[in-house]
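>>> Here is a sequence with its predicted model. Questions after.
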Amino acid sequence: MARGTRLLSVLAAAALAAALAAPLSAQDPPTLPRDTVPRPRPDTPRVPRPGPDSAAVPIPDEAVRADTLPDRPGQDTVPADSTIPAPVFPLFPEPRLADAAANTWVWDRDALARFHGLSLLELLDRVPGLVITREGGIGRPAGVAAFGAGGGRLRVFVDGWEQPPLSSATPEVQRIPLLDVQEVRVTRGLAETRVDVQTLRLRDIRPLAQVEGADGDFDTRILRALFARPVARRLMFHVGLDLVQSDGFRRIEPFAVNTAMVRASYAFSADRGIQVDYRTSSVETERRASSGGIVSPAVPNESSDRRELVVRARGRFLGRLWLDGAIGRTTLENAGDTITRPAEVVQAMARAALDVRLGTLSGGIRTRMPRVDDVEEEGFAADGTEVFARADLAPSPRLGAWGEARATSWGGVGVSGVELEGGARLALAGPLTVFGSLASGTRGVRFARDSVVTMRTVAGLVDPEGATVEVPVLLFRDVRSRVNGFRAGAEWLRGSVRAGAAFVVHDLDQVAPYGLAFDRTAEMRPGGTVSGMEAWASFPVLYRQIRFDLAYSDFFTEPERPYLPTRFGRAALELHWVYRGGNLEPTIRAEVIGRDQARGIDPETGELTALSDRYAVMNLYVQVRVLDVRAFWRLENVLHNYTVSDVPPFTLPGQRALFGVRWFFRN
């Protein structure tokens, strides 16, 4: 696709934003409903609550519980005017199928409220089949992939806006905070893994404030603050701050990330509005020696600033047609280190969705144009365009199907491809459901490799007759990667008991490195074919308040893909109980995470010769909610296994405790 096409898509997104806003200014605002997205019809399959793959991250309830501080049993003390809905920015229709059959796991605000997470990485770690490859502790580089597919196949979207990776071939999810999030949807497809984050939306006009503080081992400190309130009848403002600091295991890997956000929206009506979102994040890492002389083998010091400004417009027309457009700029600046490459990217997006009785049809276009000067190349921020279309059909509660097509053209050399992915589910007699999905196609993948260029210099200038000097450079290359995949299985769901299993075959011709510091010496590697089974279960033990959760993956032969274990899984026992009129809610979760050996990239040779040891790690989490105050305590790596490693020779932290308090209150 030519650059003229990408420029046209930018103008189209801007025109769509103007078209959505201009005719709306003269409308009188009707009463805003609680939810601007059409409710599911009776024939829409019910989305089950997360089972063994469920996780929780701190998300405030959008309204004070009706039973909080009652004058007498059954009486709600919430002021009468608080039931007036807030002028929120409308939601774009989501895919209707969201279960194991559709490779999708959803955490709503109830599930997210029962667990404390530091970043998006900890939530993804609970998705069955996803493998997290960590260089070290909090803040260190980490790759995320399903089936060992490597870089270029994980994408993160916030309210439909893609977070472009600027310093690697994969989004650095360990640096994405969960300050103002109320829902996370993870689709672990065969061709790509997609993470959709939905930001906080108030239900009524009362202002919301969140304050959170935590302290722990390795000088780990957390401070979070969020304030949201409507102004007049149409405006809504969100302001937030997220600070995380740690000295790291043995106090030799200091890390700090400071994130600030400001979001303002204007609701022309219940289902039409515009929004401006600005976020800035600064990252500091350091390498130092401990008192015992141990030196971290981590990456060089990093000091960078990332800023993003997005303008959105969204609305519903003709009753069932939704239009959505956005344009924005993302920049990455070097604040004094030697590894950050400055980058600037302008993105635009336009999409539409038609919500009908049988399902939802959607499609659109996205484009990315990095700024390139005469000296710097575009780096990981490859330019290009993507055209996509999706259909979600649910003709009956027993039958559902979905399909998606993506045509992309990324990279300076025009590496392009088309990917097709789809699946179906059928409820048989009783609680048994069978499902299957297929994927096939190609896409362009960009990766980088550390190299050395020999030049002759004199007095600091390039001169063919001068002295020879070796200059380290990062070379970028675009290649076409092909994928074919098949997944089929069955799930049993009756009452509170859920269990399922699936057979998976995944074929990938080339695996791209993550582009992170620990694998930048690696080249593209053959992927080959891997096949195996995955299973999950969730059921009560003795009492309905105590549940056992299990997720397990097992490949039939040892995979030769980087960082993909032969077997890995998670088992947990969780107590969750709500009593005392809903004002007391304890949650206790003990879990064991196990992982088999995996092949890794040798940092010296770049070959797939490093072999990590199998390990098991036990974690403990406790949270008690009293009214609107939540006190939590987490103990990671309870048995203090300090030899755990995903990427030899880097080791993961030993035992660490973290405790804190969160308070959500409404005026």
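It's in.
>>> CA only for contacts and neighbour counts going forward, please
OK.
>>> and the nearest residue to residue 588 once chain neighbours are set aside, how many neighbours?
Nearest non-adjacent residue to residue 588, counting by Cα to Cα, 6 or more residues apart in numbering: residue 622, 4.5 Å away. Neighbour count of residue 622, defined by other Cα atoms under 10 Å: 20.
>>> Quickly note the distance from residue 622 to residue 181.
21 Å (Cα to Cα, to the nearest Å).
>>> What of residue 268?
Distance, residue 268 to residue 181, using Cα to Cα: 24 Å.
>>> looking at the chain, which helix or strand is least sure?
The weakest-scoring helix or strand in the chain, judged by mean pLDDT, DSSP states H and E, is helix 3-21 (a mean of 46).
>>> could you dump the helix or strand just after that one to CSV, C-alpha only?
Beyond helix 3-21 on the C-terminal side, the first helix or strand identified by DSSP states H and E is strand 104-107. Provided in CSV are the C-alpha atoms of strand 104-107 (Å, rounded to 0.1, in the frame of the first residue of the first chain):
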residue,chain,number,x,y,z
THR,A,104,-11.1,-15.0,24.6
TRP,A,105,-10.9,-14.3,28.3
VAL,A,106,-12.6,-11.3,29.9
TRP,A,107,-11.9,-9.7,33.3
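>>> Quick check: neighbours of strand 104-107 in the sheet, parallel or antiparallel?
If you go by DSSP bridges, strand 104-107 pairs up with strand 181-188 (antiparallel).
>>> ok, and for the partner strand, which residues are buried?
181, 182, 183, 184, 185, 186, 187, 188 (16 or more other Cα atoms under 10 Å).
>>> moving C-terminal of that strand, what's the next helix or strand?
strand 193-199.
>>> Restricting to C-alpha, output that next one in CSV.
Extracted C-alpha coordinates of strand 193-199, given in CSV (Å, rounded to 0.1, in the frame of the first residue of the first chain):
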residue,chain,number,x,y,z
THR,A,193,-2.7,-12.2,20.6
ARG,A,194,-4.8,-9.1,21.1
VAL,A,195,-5.3,-7.2,24.4
ASP,A,196,-8.2,-4.8,24.5
VAL,A,197,-8.3,-2.5,27.5
GLN,A,198,-11.4,-0.5,28.4
THR,A,199,-10.9,2.6,30.5
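>>> Renumber starting at 226 from here on
Okay, residue one is now 226; in that scheme the one you just asked about reads as strand 418-424.
>>> Please name every helix or strand in contact with that strand.
Here strand 418-424 touches strand 379-383, strand 406-413, going by 3 or more Cα pairs under 8 Å, 6 or more residues apart in numbering; DSSP states H and E.
>>> Make a markdown table out of those and add distance to residue 817 and mean pLDDT.
As requested, these are exported to a markdown table (distance: least, Cα to Cα, whole Å; pLDDT from 0 to 100):
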| stretch | distance to residue 817 | mean pLDDT |
| --- | --- | --- |
| strand 379-383 | 26 | 94 |
| strand 406-413 | 22 | 92 |
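>>> Tell me which of those strands sits nearest to residue 891.
strand 406-413 (16.4 Å; Cα to Cα).
>>> just the angle between that closest one and strand 379-383, please?
The directions of strand 406-413 and strand 379-383 differ by 150 degrees, with axes from the mean of the first three to the mean of the last three Cα atoms, to 10 degrees as the criterion.
>>> buried residues in the host helix or strand of residue 617?
In this assignment (DSSP H and E), residue 617 forms part of strand 609-621. The neighbour-count check on strand 609-621 (16+ other Cα under 10 Å) flags 609, 610, 611, 612, 613, 614, 615, 616, 617, 618, 619 as buried.
>>> For the fifth one, give me its contacts.
Meaning residue 613. 588, 589, 590, 629, 630, 631, 632 (Cα atoms under 8 Å, 6 or more residues apart in numbering).
>>> Just to check, residue 451 is in contact with residue 484?
No. Contact criterion Cα atoms under 8 Å: residue 451 and residue 484 do not qualify, at 11.6 Å.
>>> so what's in contact with these two at the same time?
The contact lists of residue 451 and residue 484 share residue 466, where a contact means Cα under 8 Å, 6+ apart.
>>> Name all residues that make contact with the nearest residue to residue 437 once chain neighbours are set aside.
Leaving aside its chain neighbours, residue 437 sits nearest to residue 887 (4.3 Å; criterion: Cα to Cα, 6+ apart). Contact analysis of residue 887 by Cα under 8 Å, 6+ apart lists 435, 436, 437, 438, 854, 855, 856.
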